[in-house]
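K.L.:
Give me the fold of what follows.
(one chain, ligands or ions: 1)
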Amino acid sequence: MGLSAAAQAQVPHPWQMGLQAPHSSVQSEMQSLNTFVLWIIIAIAAFVAGLLLYVIFRFNHKRNPVPSRTSHNTVIEILWTTVPVLILIVIAIPSFRLVYYQDRATHPDLTVKVTAHQWYWEYNYPDQDGLDFQSYMIPEKQLKPEQRALRQLAVDNPLVVPVGKSVRILLTSGDVLHSFFIPSLGVQRYAIPGRMIETWFDVDKPGDYYGECNQICGINHDGMSIQVHAVSQADYAQWLKDAKARFSETLPRRTARVQLAASR
Ligand SMILES: [Cu+2]
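P.N.:
Okay, here's the model as predicted:
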């Protein structure tokens, strides 16, 4: 599986100020909401700063030696209650819409079960004869020179998905709390032992999209890198064939585990 150079990869950059470029429907929506809320925040901050400056200028001790004794003003009190409520409603409506949009895939094309372990990720394709493999971060010393920018990000076996398809993620943990976090795809969900949490993404372009476990989960928490490798449908079909052969040695072990569990 080729690891693309840092230039095409969705990775964090030094001195990055904004969010990573969006590459899924959910992340595009998240960035629009982020920009929308940012403008509301700028307007409120400017308004409050303007009021403060006006009060400092107009009502200081020199210009206003005898302060007003006003303690109530019904009109102003109604305004400063209703206007913030309206602003919160304006923010809440698109927020809730987005929360439910990213919560579940409405028409998933494929399902990947993701299990977090101390300290690696396990990817399982239940519709592909239970294709199952583990994904470990490549240690810094083993990175090729062109992979320098992928320090703490590149993995040995990426999660491979077809471009443009709705990928349903079923997320759980085999031990402690972890978090499945891929910024450019708008994915961030807890992996909780004993619980199955659903989310989804669709990748818009072929390439590599990097993330990390985002919940302190023990001494090698920093080694739980995530790499999503998005390819065309044809390449995906080819990869499935190769991967089934390559990772087939893990299948008998799994079957043995299931038999062991059943015999107890
Ligand atoms: Cu973790």
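K.L.:
near the ion, which residues of the chain show up?
P.N.:
Residues of the chain that fall close to the ion, judged by CB under 5 Å from the ion: 178, 213, 217, 224. Where you see a C-beta, it was placed from the backbone N, CA and C, and this is true even at glycine.
K.L.:
isn't the second one right next to residue 178, touching?
P.N.:
Yes: under the criterion of CB atoms under 8 Å, residue 213 lies in contact with residue 178, with a separation of 4.9 Å.
K.L.:
Now do the shared contacts for the two.
P.N.:
Among the neighbours of residue 213, those also in contact with residue 178 (CB atoms under 8 Å, 6 or more residues apart in numbering) are 116, 224.
K.L.:
Among the two, which residue is more densely surrounded?
P.N.:
Legend: neighbour count by other CB atoms under 10 Å for residue 213 and residue 178, higher for residue 178 (30 against 26).
K.L.:
how about the nearest residue in space to the more buried one that is not next to it in sequence, what does it touch?
P.N.:
Nearest residue to residue 178 in three dimensions, chain neighbours excluded: residue 116, at 3.5 Å (CB to CB, 6 or more residues apart in numbering). Shown in contact with residue 116 (CB under 8 Å, 6+ apart): 122, 171-175, 178, 180, 191, 213, 217, 224.
K.L.:
go again using 6 Å as the cut-off
P.N.:
By CB atoms under 6 Å, 6 or more residues apart in numbering, residue 116 lies in contact with 173, 178, 191.
K.L.:
Generate CSV for the residues of the chain next to the ion, with secondary structure and pLDDT as supplementary columns.
P.N.:
Listed next are the residues of the chain next to the ion as CSV, based on DSSP: H, G, I helix; E, B strand; the rest coil; pLDDT from 0 to 100:
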residue, secondary structure, pLDDT
178, strand, 97
213, strand, 96
217, coil, 95
224, coil, 95
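K.L.:
Redo these as a markdown table? Include distance to residue 246.
P.N.:
Shown next, in a markdown table, are these (distance: CB to CB, whole Å):
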| residue | distance to residue 246 |
| --- | --- |
| 178 | 25 |
| 213 | 25 |
| 217 | 28 |
| 224 | 22 |
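K.L.:
Just give me the neighbour total for residue 237.
P.N.:
When neighbours are defined as other CB under 10 Å, residue 237 has 11 of them.
K.L.:
give me the element it is part of.
P.N.:
Element membership of residue 237 [criterion: DSSP states H and E] is helix 233-246.
K.L.:
hmm, who's touching that helix?
P.N.:
Contacting residues not belonging to helix 233-246 are listed as 128, 131, 160, 162 [CB under 6 Å, 6+ apart].
K.L.:
Which residue, other than its chain neighbours, is closest to the second one?
P.N.:
The shortest distance from residue 131 to any non-neighbouring residue, by CB to CB, 6+ apart, is to residue 125 (4.2 Å).
K.L.:
again with the last one
P.N.:
Sequence neighbours aside, residue 236 is the residue nearest to residue 162 in space, at 4.0 Å (criterion: CB to CB, 6+ apart).
K.L.:
give me the number of residues near the one you found?
P.N.:
18.
K.L.:
What separation do you get for it and the ion?
P.N.:
Residue 236 is 27 Å from the ion, where distance means CB to the ion, to the nearest Å.
K.L.:
which residues pair with the nearest residue to residue 157 once chain neighbours are set aside across the strands?
P.N.:
Nearest residue to residue 157, sequence neighbours excluded (CB to CB, 6+ apart): residue 135, at 4.7 Å. For residue 135, the beta-bridge partners are residue 121 (DSSP bridges).
K.L.:
just curious, which of the contacts of residue 116 is nearest to the ion?
P.N.:
Closest approach to the ion among the contacts of residue 116 (CB to the ion): residue 178, at 3.3 Å.
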